[in-house]
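Need the 3D shape of this:
(chains A and B)
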Amino acid sequence: MVDTRHEYARVADAYLPVALVVFVLVAGAAGYCLLRWRVREGRDLEPSRRHQNAPLEIAYVAGLAIVVAALLTLTLHVEGREDASARQPALRVDVTAAQWTWTFAYPGTGVVQEPPEDRPTTLVVPAGRTVVFAGRSADVIHDFWVPDVRFQRQLFPDHTEHFDLVFAKPGTYQGICAQFCGLEHQNMHFDVRAVSPAAFARWLARRQAAPA
Amino acid sequence: MSGPAVAPPPEAERPSPAADGGLVARLGSTDHKQIARTAMLAAGAFFLAGGVLALLMRAELARPELQLLSTGDYNALFTVHGSTMIYLFMVPAALALGLYLVPLQVGAPELAAPRAALAGLWLYIAGGAVIYLGFLTQSGPGRATWIGMDPLSEEAYTPGTGMDLWIFGVILATAGSLLLAACILATAMRRRAPGMTLLRMPVFSWTMVATALMVLFAFPVLIVALALLWIDRQYGGVYSGNSGALTYQHLFWFYGHPVVYVMFFPFVGAVAEVFATFSGRRLFGYAFFVGALLLFTSLSMSVWAHHMFTTGQVTNRYFATTSTLLAVPAGVEYFDLIATLWRGRLRLTTPFLFGLGFLLQFLVGGLTGIWVASPPLDYHVNNSYFVVAHFHYTLFGGSLFGLFAALYYWWPKITGHLLHEGLGKVHFWLTVAGGNLTFFPMFFLGQDGMTRRIADYPDRFATLNLLSSIGAGLIAVSVLVFLANVAVSRRRRRPAGPDPWGGQTLEWATDSPPPRLNFIRPLPPVRSYAPLWDLRHEEQRS
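Alright, predicted model coming up:
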């Protein structure tokens, strides 16, 4: 079970400080040069004539390579975790994206969540459990994105995409089509309702008994 | 500022390019300088057009819900804005700069294959006109994004002539760019002055060589991909089957990532020249810089599918690795740029300010580029406003600042007179303020879940969007200040002389603007990548 939100934070928490430090170093070095060696009234300078320092550059490249290798190691490690599919997912949901609606089916139960009139479709999932999604588009490319779990996947008309997600805590999250898909792209939303596994089982049973 | 190295020749030996003839003679001239000037003017016009489209979008986005535009119009606007800025502004502007300067920097009297370059210029202008003709069709212009994403761009989902015109226009403009790049490469390879070995070629010319290589490898792929798209729209059966849509993405991004560096390298080269000149030093670490450039060029051909991390259909680990590795050559370039300032004699002119702006603003785009090169991070921010912020920091913060650095630096060479320094500094600070106010809030919008290419958004994004729209207004003002600077400078005509800045490369050894065949006086000896710097220091010694 991989909590993508948590994994995102792990990588981001390593990348952000590195980015900030690099920015401060570059800005600081440029600023220092400006303060120290800018030509002003009554002050002239003889510029240095040294225009290479191979040992320094090689050492610098080595340092840079180490930082890059460290970042890459983390990225590849986390990426491997996120891309691995769970052996025993708790639930499978079939996603169908079409211009400009979402449909969620729960195979084996006969339950299908279709878009109600003028409102986004609701995807109901058990919180804290691994859900495997099998997504497909009926027309152009769409993109299943739930910002709260920091994950998206493009859905194609010609093949089915599989991906696992965990909604760690019960709650309501917004889902968005992230791939531009035509005229009503901006309104192609869905809601995710993550509920306790017990509540999910009750909801599923209720929906099976009374199809919408 | 040190004076010209050699005394100017008598007036009679100085044929003025403007005196060559009328408009037709100018538009049909095979003088590389005239071709480049026309290309720059055209690119400038497309920049203004693309900017107006951006202002319309930011006006719509200033508040939630729809006020000015329909969603259909908005979709056309961002499609044409992106297409304009990339196919019709930044790529041709970068190539035009090379077209003007590479022959001069390598000491050549003329461009190689100037007629091909002239054909390239007019193909490009025709391509731009064809894309914009879409506004006159019933269906409006193309509206399937600057990427022309398939299957959205198929006849069934985006019907109408406008979309076909978009395909033709992009093909024509890209073919034009291809010809321009080929001429630049041939000139740098075959027309260098005696003594100028490859490792004595000025760094800007080196960046143009690397740029031209990427153009030659990547641009034909786009032409083919779009020709196939057109066939698909008419007859079907091309991007179909099991992975047709994915194939289009592969083909497009095989062009679409190298083009990012086509819009970056020439400006990093320009800024390197600017830094060297205004710190009174030769560029530091020239050999490392050129090596980094070539490594960068090779890597740039193997990173395209990082645009496809979220398809689930590419080897993310490979493309994450190649993309993140780009930090190494980029880091070397940054190191050499800063080391050039170290212990220099810094003159804070407008081109130098824009160069510094380039250094820091592009850095934001570069660092966030490392961010999106990590699949776990890209799984969230792909297609969000974070990415919009990221690439605007590279294209606005990077390319545009670099372009203005280049324009302020070489303007005296190209026109013969200086731009106004005071107005230039106002222009610079307005560009910094406007650019950051427009694009920095977008990082937070994307992180918080605002997706791209929407005309309407939830209320919680209202404040940051308003800030961004105000910033866009500031950018518009900054561009007006630049235009005012051009107008003022044209009126007051302060003569620049051959070498107003104390330049280091051969273009400063001839008149401003250079005569038809570039050099009348004998060229100074070329013993390094900074021949005029050498000359000055020899004179000091003797």
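
other SSEs contacting the helix or strand hosting residue A:16?
Mapping residue A:16 onto the secondary structure by DSSP states H and E places it in helix A:4-37. Identification of packing neighbours for helix A:4-37 by 3 or more C-beta pairs under 8 Å, 6 or more residues apart in numbering or on different chains; DSSP states H and E yields helix A:54-83, helix B:327-341, helix B:350-372, helix B:375-381. To be clear about C-beta, it is placed using only N, CA and C from the backbone, and glycine gets the same treatment.

How far off centre is it?
Between the centre of helix A:4-37 and the centre of its host chain there is 22 Å, according to C-alpha atoms, centre = their mean, to the nearest Å.

For that helix, buried residues please.
Residues of helix A:4-37 classed as buried under the neighbour-count rule (16 or more other C-beta atoms under 10 Å in any protein chain shown) are A:4-5, A:7-8, A:10-12, A:14-15, A:18-19, A:22, A:26, A:29-30, A:33, A:37.

Over to stretch B:159-179?
For stretch B:159-179, a neighbour-count test (16+ other C-beta under 10 Å) marks B:160-179 as buried.

cool, stretch B:47-63 as well?
Neighbour-count burial for stretch B:47-63, counted by 16+ other C-beta under 10 Å, picks out B:47, B:49-51, B:53-58, B:60-63.

so which of those residues also contact chain A?
When those are checked against chain A using C-beta under 8 Å from any C-beta of the partner chain, none falls in range.

could those residues go into CSV alongside secondary structure?
Converted to CSV, the buried residues of stretch B:47-63 look like this (DSSP: H, G, I helix; E, B strand; the rest coil):
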residue, secondary structure
B:47, helix
B:49, helix
B:50, helix
B:51, helix
B:53, helix
B:54, helix
B:55, helix
B:56, helix
B:57, helix
B:58, helix
B:60, helix
B:61, helix
B:62, coil
B:63, coil
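
taking the buried residues of stretch B:159-179 one by one, which sit in helices?
Residues of the buried residues of stretch B:159-179 located in helices (DSSP state H): B:161-179.

Residues of the stretch 51-200 of chain B that sit close to chain A?
B:71-72, B:75, B:145, B:149, B:151-152, B:157-158.

ok so, going back, mean neighbour count, the helices and strands packed on helix A:4-37: which tops it?
With neighbours defined by mean count of other C-beta atoms under 10 Å in any protein chain shown, none of those is more surrounded on average than helix B:375-381, at a mean of 26.

what residues does the next helix-or-strand element following that helix touch?
Reading on from helix B:375-381 to the C-terminus, the next helix or strand found by DSSP H and E is helix B:385-392. The set of residues external to helix B:385-392 that reach it, using C-beta atoms under 8 Å, 6 or more residues apart in numbering or on different chains, is B:260, B:365, B:368-369, B:371-372, B:381, B:435, B:438-443, B:445-447, B:450-452.

if we look at chain A, which of those residues are close to it?
Contacts with chain A are made by B:368, B:371, B:451-452 out of these, judged by C-beta under 8 Å from any C-beta.

OK, contacts around residue B:378?
For residue B:378, the contacting residues are B:306, B:309-310, B:372, by C-beta under 8 Å, 6+ apart.

can you put those residues in a markdown table and add pLDDT, distance to residue B:204 and secondary structure?
Rendered in a markdown table, the data for the contacts of residue B:378 read as follows (pLDDT from 0 to 100; distance: C-beta to C-beta, whole Å; DSSP: H, G, I helix; E, B strand; the rest coil):
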| residue | pLDDT | distance to residue B:204 | secondary structure |
| --- | --- | --- | --- |
| B:306 | 97 | 28 | helix |
| B:309 | 97 | 34 | helix |
| B:310 | 97 | 37 | helix |
| B:372 | 97 | 29 | helix |
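
Name the nearest of the residues you listed relative to residue B:317.
Comparing the contacts of residue B:378 against residue B:317 with C-beta to C-beta picks out residue B:309 as the nearest, at 10.3 Å.

dump the residue contacts of that closest one.
For residue B:309, the set of contacting residues under the criterion of C-beta under 8 Å, 6+ apart consists of B:316, B:319-320, B:375, B:378-379, B:382.

circling back to that earlier point, show me which of the buried residues of stretch B:47-63 is closest to residue B:256.
The closest of those to residue B:256 turns out to be residue B:50 (C-beta to C-beta; 17.6 Å).

Please verify my assumption that that closest one contacts residue B:79.
No: Residue B:50 lies out of contact with residue B:79 (C-beta atoms under 8 Å); the separation is 11.3 Å.

what is in contact with these two at once?
Counting by C-beta under 8 Å, 6+ apart, residue B:50 and residue B:79 have no contacts in common.

Out of the contacts of helix B:385-392, name the ones that lie in helices.
Secondary structure from DSSP H places B:260, B:365, B:368-369, B:371-372, B:381, B:435, B:438-443, B:445-447 of the contacts of helix B:385-392 in helices.

Dihedrals phi and psi, residue B:417?
In this entry, residue B:417 is assigned phi and psi values of phi -130, psi 160 (degrees, to the nearest 10).

who's it bridged to?
Bridge pairing for residue B:417 (DSSP bridges) gives the partners residue B:495.

Could you check how far it is from residue A:189?
56 Å (C-beta to C-beta, to the nearest Å).

Tell me where the model's unsure across chain A.
Scanning chain A with the threshold set as pLDDT under 70 gives A:211-212.

residues contacting the residue in it that chain B sits nearest to?
With C-beta to the nearest C-beta, the shortest gap between chain A and chain B falls at residue A:147, namely 3.2 Å. If a contact means C-beta under 8 Å, 6+ apart, then residue A:147 has A:173-174, A:176, B:380, B:384, B:448-449 as its contacts.

For residue A:143, see how far away the residue in the stretch 301-450 of chain B that chain A sits nearest to is.
With C-beta to the nearest C-beta as the measure, the residue in the stretch 301-450 of chain B that lies nearest chain A is residue B:449; the distance is 3.2 Å. Residue B:449 sits 13 Å away from residue A:143, going by C-beta to C-beta.

That concludes my questions; thank you for your assistance.
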